[in-house]
Every structure is written in C-alpha cells, then in structure tokens.
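**Student:** Need coordinates for the following:
(one chain, ligands or ions: 1)
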Amino acid sequence: MIRGVSEIGKLLKSENSLIDGILKSDKYDYAFILKINLDTYQIDVFSNFQELDKNQIKKLKWIGNFKGSGYQAIITTDKLDYLITQSIPGILANFKKMDNFKDSKFKKVLEIFLKEAFITTNDKKYYKYILDIRKFRKVDGLEIASEETKRKLNNIKNIELEKIVESIRKDILGYIKERVKLNELPKKLLFSLEITKKIDNEEVVVSPEHPDYALYLKNLIVQEHFKSSKEGICHICRSKNNIANLDTKYFKLLKFYITDKKGFASSFIEENFTKNFGVCRDCYENLLIGENFVLSNFLLNYKEVKLYIFPEFLYYNSITKDNFEIWSKAIKDKVNVIWEKVGELEYYLENNFLINLVFATSDGSAVKIDKVIYDIPLSRLDELINVQKEVYIHGEEFFGLEKYWNLEFKNMLYLLPIRKRKDVIEIREFLEFLDNLISGRKFDKVWLFSKFVDTARIHRYKNYDNYVQSNAPYVPKKKDKIDDKPFLIFILQSNLLLYYLRILGQIETKGGECAMCDELLRNVDNKELLEYVDFLKLEPVERGLFLVGYLVAKIGTKQYKEGSEDKPILSKINFQSMNEEKVKTLLNEILEKLRQYKILDKYNETIYSIAKCYLDGNREKLKDGINNVYWILSGYAYGTYKAIVKKEVKDGI
Ligand SMILES: [Zn+2]
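**Tutor:** Residues are numbered from 1 along each chain as shown. A predicted model of the protein is given here:
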C-alpha cells in the first residue's frame, strides 16, 4: 500500500509539490506581511488575507513552527516574536549547511538585514539577535518605536531581553492596527516578511514566494529529518542508502503504517507508530507528496464516514503523468458508485492495480483509522457493481421504480442495527460487514437474520433516536404518524440483500422440495407471488412462514381499510422470536380473522392451506425462532407493499 503512495508522489513530483503537501490547514483570521524596505528603512503592512484560504496559505508557505529547541528558521509564522528575533539568523545558519545557496541574492538580502538591522546581544539562545526597531519609520515618516522601547533599547545591558522583545512586539502590533484600521486584532494570526533591497541596481524581494525560499524549506524539512539517518536498505525502493523513519509531524495517515504485519496500526497510540520503517530521502519526499495527494484527492467524505482510497500498482509503469488525472477520477467514480451514486462509469480502468480502502473518522484535527480493507482488485468492485445492478432490476420488476432497490453500501448501512450517539455513528460493525462482503467471505445467516430482526424492531417501535435508521432516506423526519412504509422497505431491501449475497456465493441457500405442497403452490393464481418465492430460493418451511406473513398482510390491509390504522393483527407477531408453538397459534388466529373479516375467499383459503401444508410437514425446522419471525415479516412486507403498489390502500399504510 505504501509503495502505491510513493509511486503517486514520484509521478507528481515538481518544485513545489512537497511544500504544498505539508502546508497547515488550520483556519486563520488574518495574515499580516511586514514589508520592509532596506534602502529607505520604511516598514509598511500589507494584509488582504482576511479569512485565509488554501491559496493564500500556499503563497505564504505556512508549514507550522518546528518542534523542539532549535531556531524557528522560517519567515511565515504565527508568532511575531520569531520574526523579531530568531527567524533571520536561523535561516542564515541553515544556509551554511546547504550548498544550493552560494550565490543566492535571497541569502544576500538576509545577510544585509541581519547585519544592519539587528542588535547582537550577549544571550546564548533565542535573543541573541533582536530587531532594532529604532531604525525604521512608518509610511508617514514617523518612528515605529515608542519612547518606552527606545529607552529600553538604549539601556539594553540592564534590561531583561524578554521585556525588550515584548515592547518591540507591542510597537509593531500597534502599527499594524493603525495601518489596517482595526481596533482589536483577532486571535488567529499569521505574520510574514517581504524584504526589499537593491543589489547591483537590481531590486531583490525576499518573501515566501521567492523560489529560493521553497528550495530552502524543502532542504530544511528533508535535511532536518535525515540528520539522524543511518545507512540501511530503503523499505520502498530497496536501495542501499541513508535512511530515516517516517515522522509524525508531516505524515498524517502513513505514520500509522506498520511493517511487521503489513498494514496500519490498529489503534491511535503514538507509541505504536512505526519505529523501523526506514526510507531514503527520495522516497521520503515521494511519500510526503503522495500522501498529500491521497488525503486531498482520494478522500470520499461521506456523511457516515471518511473513506480514503490508497491504490497499489501491480505494474509500476502503467500510470503516467498524462493519464493520471483520468485514472484518479475513474477510481474515485468507481468507489462512489458502489457507495452511494447510481450511475454509469465514464472510464474503463484496466485491472492492473489493487485498492485499499481506509475508513477513518476525525475527531477535530486528529484522524482515527477505524478499518482498512486491503488489496481489493478492481475487478471485485466491478463484480459488486454488476450484482448491484442486477438486484436493482429485480427490485424494480417486483416492486416498481424506486431508488431504494439499489443496494449501494450506503443503503446497506440501514439494514443493520447500528447505534449512534448524537451524530456519531458506531460504524465499526458495519465496516466489518463491508470487509466481509468485499473480501468475498461467507456470511453467517443466523447472524444476519438476528440483525435484520433487531432492525425490524427499531422500525416497528419507531426507536429511531439511538440508531442510524433515523438517517435512512425512507424514514420520515416526523415520527408521530403511524407509518409502516419504512419497515416494509427495510424488510424488502433485506430480502434483496440475501439475493445479492447468494449471487456472490456468500450465503448458503438450500432451497429444497416438498412435493405435495409445491404442487399446490404452483397452482396458485398469482404469478408474481410465485416468482418472488422462487427468487428468494426459500426452503419449504420458509415458504410456509412467508405465506403466513402474506396472510397477515391480507388481514392487516383489511383492518387498515376499515379504520384500524395500527393493524391489530401485527400485535400477534412477536418481534423478538416466534417458536413453533407461537407460529401455530398465529396460524390459527389467521384463519379466525380471515373469517371474521370475511376475506376467507377461495384464494386466501388456498394460501392458508398451502402454508399449513409446509409448516405441518416441516415441524422440526421451526426451531429457530428468529428465522421464523424473519420470514413471517418478509411475507407480511411483501403482501403489504404490493397492496400499496397496486393502490389497494393509500400510500401511508
Ligand atoms: Zn527509497
């Protein structure tokens, strides 16, 4: 997985891609640029960066302050004090260790700035250099330094350096407020420098936008990190090289990568981060760029979960700079279709790479990995998409045109009783389900049915507050109304899911025969019903239970039409479990109600006797109470939904 990221980075590598990849994404209220002219000793303030966007952060190259005790050797920072003291000397000290800046005018200007505009003190650490603000004027020609600051600077040997810096900071902030006409400065601020100086009659402007600054940062980040590198074999390119481990400052998800058992660390504990994942300098840069691409372009931000796609190439030369854009769009589209969007795929992708799906939730700024599904061949996604289409066609044939019959992953979420607290969904169980599904493992039917029956209860008792079902598109926001439709849609969707899993070979369905009852069933004058029973590949006993539910629907519909909106017959179904005894009692009650409501016509009587035939002949198969309820509910949902579709009753049943 990590090699795929490196490969993407390699493709996208350009002058600025590394810096762009590690820019801070926090929100800032303002950025102020101190425009210092070293020929006139004038300082102006520039700020049109109210509510900074990504492009402005990019211009300023704000990568965050450095951890640890070194100088903050950067010219964009959130602490003005750094610019007054350590930034410039820090950068110049770093330049000495880098060989790309021998004749740099950028460097020359900073040298002049340090030499002419800073005071050198006796301090050994952060206050060795302090900006001599006395030398500078405002644009109106007045001094920036206050009397207090001047007094302190004149008496520098006897005053705490910290107090002096504080005083200079106050003067500059005062001047900023004056220049940008603000009474109060907001809290989240950035500060940066733009220094102008004529060198050999050429005006040189030192700012974060200068190409030398980008080069400097790149050197700094990688060099800094490789200071403690040692010789070894790079985990990515296998070269013998100076290698260093991935760090936690710049890597967001890859820092969880562990090498011993390929994959991500299961928990978000810093100690678990990889300690011996050594990579060479080139690969380190590739990974930074590649991860940034994945984080910003291969993120599908669904309401329920964040999903990152990490591709892994099988043939490393198959993707080029030219086809990269189409390739990345095509992958994203494919995952999108399977998750939530019905639609045709625009591009064809060759099956020459695998994808890893990384599911994460973010808690403020920290990202937590909930689940990773590894090594999914693209052909597997195609297979799922095809079955999804097939299921949709069947759903439409049986129940009419309705988007609910499209079993996208998003719709599958509502089939399981997943809890939620406020807006946080306890998504893990669903992700396990997806892992099982995508990886092609078998499902345990007992588990599935118990989950379905639990979900059925959530709908039946409108217990939506604590469950994800409240977000289902078919659940009305107002919950006071008696409305069975969400429950019906859910049960029918779960029937479709069983078909979906059967086609994929992931559940066992035995089917089976019961010659006498089957013969009776075949003669029933309801082609659709027979087709549906066939579609579900029910075992004989399940056919009987389904027909019991179907008759409950007949009675319920009649009760509804006669004004009992809550359909009293439903109270005869125990939504926890129905043992053999309860099923038999229900069957007797059905006969009674059919008579009572005068709907014991030839057709219903036949269905009743077929149901009885199946159940009587398969008593020993009625042991699983949950299985019994599920199939009774399925028959009920089928019969009732059909009545709605055929307009026998109005929509709101
Ligand atoms: Zn390498």
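
**Student:** ok, then the element right after the strand or helix carrying Gln559?
**Tutor:** When secondary structure is defined by DSSP states H and E, Gln559 falls within helix 540-561. Where DSSP H and E defines the elements, the next helix or strand beyond helix 540-561 is helix 580-596.

**Student:** Show me the contact partners of that next one.
**Tutor:** Applying Cβ atoms under 8 Å, 6 or more residues apart in numbering, the contact partners of helix 580-596 are 545, 548, 551-552, 554-555, 569, 572-574, 578, 600, 604-605, 608, 611-612, 615, 619, 622-623, 625, 628, 632. Just so you know, the C-beta spots here come from the backbone N, C-alpha and C atoms, and that holds for glycine as well.

**Student:** quick one: contacts of the helix or strand that that helix is followed by?
**Tutor:** For helix 580-596, the following helix or strand on the C-terminal side (DSSP H and E) is helix 602-617. With Cβ under 8 Å, 6+ apart as the test, helix 602-617 has contacts from 514, 516-517, 520-521, 523-526, 540-541, 543-545, 547-548, 550-551, 554, 583-584, 587, 590-591, 594, 600, 622.

**Student:** what is the mean pLDDT for helix 602-617?
**Tutor:** Here helix 602-617 scores 95 as its mean pLDDT.

**Student:** That helix to helix 540-561, inter-axis angle?
**Tutor:** Angle of helix 602-617 versus helix 540-561, following axes from the mean of the first three to the mean of the last three Cα atoms, to 10 degrees, is 140 degrees.

**Student:** Please name every helix or strand in contact with the very next helix or strand once past helix 602-617.
**Tutor:** Using DSSP H and E, the helix or strand that follows helix 602-617 in sequence is helix 625-645. Counting contacts by 3 or more Cβ pairs under 8 Å, 6 or more residues apart in numbering; DSSP states H and E, helix 625-645 packs against helix 378-399, helix 445-460, helix 485-503, helix 527-535, helix 540-561, helix 580-596.

**Student:** Could you give the number of residues near Tyr41?
**Tutor:** 12 (other Cβ atoms under 10 Å).

**Student:** swap in the one 3 residues further on?
**Tutor:** Asp44: 14 surrounding residues under other Cβ under 10 Å.

**Student:** Next: Phe226.
**Tutor:** 15.

**Student:** Same question for Glu147.
**Tutor:** 8.

**Student:** Ramachandran angles for it?
**Tutor:** phi -60, psi -40 (degrees, to the nearest 10).

**Student:** mind listing the strands in the stretch 251-400 of the chain by residue range?
**Tutor:** Here the stretch 251-400 of the chain has its strands, by DSSP state E, counting those that start in this stretch, at 257-258, 263-264, 278-279, 299-301, 306-313, 353-363, 366-377.

**Student:** Let's have those in CSV, adding mean pLDDT and mean neighbour count.
**Tutor:** Formatted as CSV, these follow (pLDDT from 0 to 100; neighbours: other Cβ atoms under 10 Å):
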stretch, mean pLDDT, mean neighbour count
strand 257-258, 64, 18
strand 263-264, 61, 20
strand 278-279, 86, 24
strand 299-301, 88, 13
strand 306-313, 90, 20
strand 353-363, 85, 19
strand 366-377, 85, 16
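
**Student:** which stretch among the ones you listed comes nearest the ion?
**Tutor:** strand 278-279 (5.4 Å; Cβ to the ion).

**Student:** So which other helices or strands are in contact with that closest one?
**Tutor:** Under the contact rule (3+ Cβ pairs under 8 Å, 6+ apart), strand 278-279 is packed against strand 240-245.

**Student:** nearest spatial neighbour of the residue in the stretch 1-150 of the chain positioned nearest to the ion, skipping sequence neighbours?
**Tutor:** Closest contact between the stretch 1-150 of the chain and the ion, by Cβ to the ion, is at Ser6 (7.8 Å). Among residues not flanking Ser6 along the chain, Asn286 sits closest, at 4.4 Å (Cβ to Cβ, 6 or more residues apart in numbering).

**Student:** follow-up on the earlier one: possible to save the helices and strands packed on helix 625-645 as CSV with mean pLDDT, distance to the ion and mean neighbour count?
**Tutor:** As requested, these are exported to CSV (pLDDT from 0 to 100; distance: least, Cβ to the ion, whole Å; neighbours: other Cβ atoms under 10 Å):
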stretch, mean pLDDT, distance to the ion, mean neighbour count
helix 378-399, 93, 27, 17
helix 445-460, 96, 45, 19
helix 485-503, 96, 43, 22
helix 527-535, 95, 55, 15
helix 540-561, 95, 58, 25
helix 580-596, 95, 66, 16
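
**Student:** thinking again about what came up before, thinking the residue nearest to Ser6 is in contact with Gly21, fair?
**Tutor:** No. Contact between Asn286 and Gly21 fails when scored by Cβ atoms under 8 Å: they sit 10.4 Å apart.

**Student:** So the two - more neighbours on which side?
**Tutor:** Asn286 (26 against 21).

**Student:** where's the more buried one relative to Asp20, distance?
**Tutor:** 14 Å (Cβ to Cβ, to the nearest Å).

**Student:** now swap in Glu397 and tell me
**Tutor:** Remark: distance between Glu397 and Asp20 (Cβ to Cβ) = 51 Å.

**Student:** picking that back up, same list, the strands of the stretch 251-400 of the chain, but as TSV with distance to the ion please.
**Tutor:** Below are these laid out as TSV (distance: least, Cβ to the ion, whole Å):
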stretch	distance to the ion
strand 257-258	15
strand 263-264	20
strand 278-279	5
strand 299-301	26
strand 306-313	16
strand 353-363	20
strand 366-377	22
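
**Student:** Identify the residues contacting Val645.
**Tutor:** Phe399, Gly400.

**Student:** just the strands in the stretch 1-150 of the chain please.
**Tutor:** Applying DSSP E, counting those that start in this stretch to the stretch 1-150 of the chain gives strands spanning 30-37, 42-46, 76-77, 118-120, 129-131.

**Student:** Nice, that's everything, thank you.
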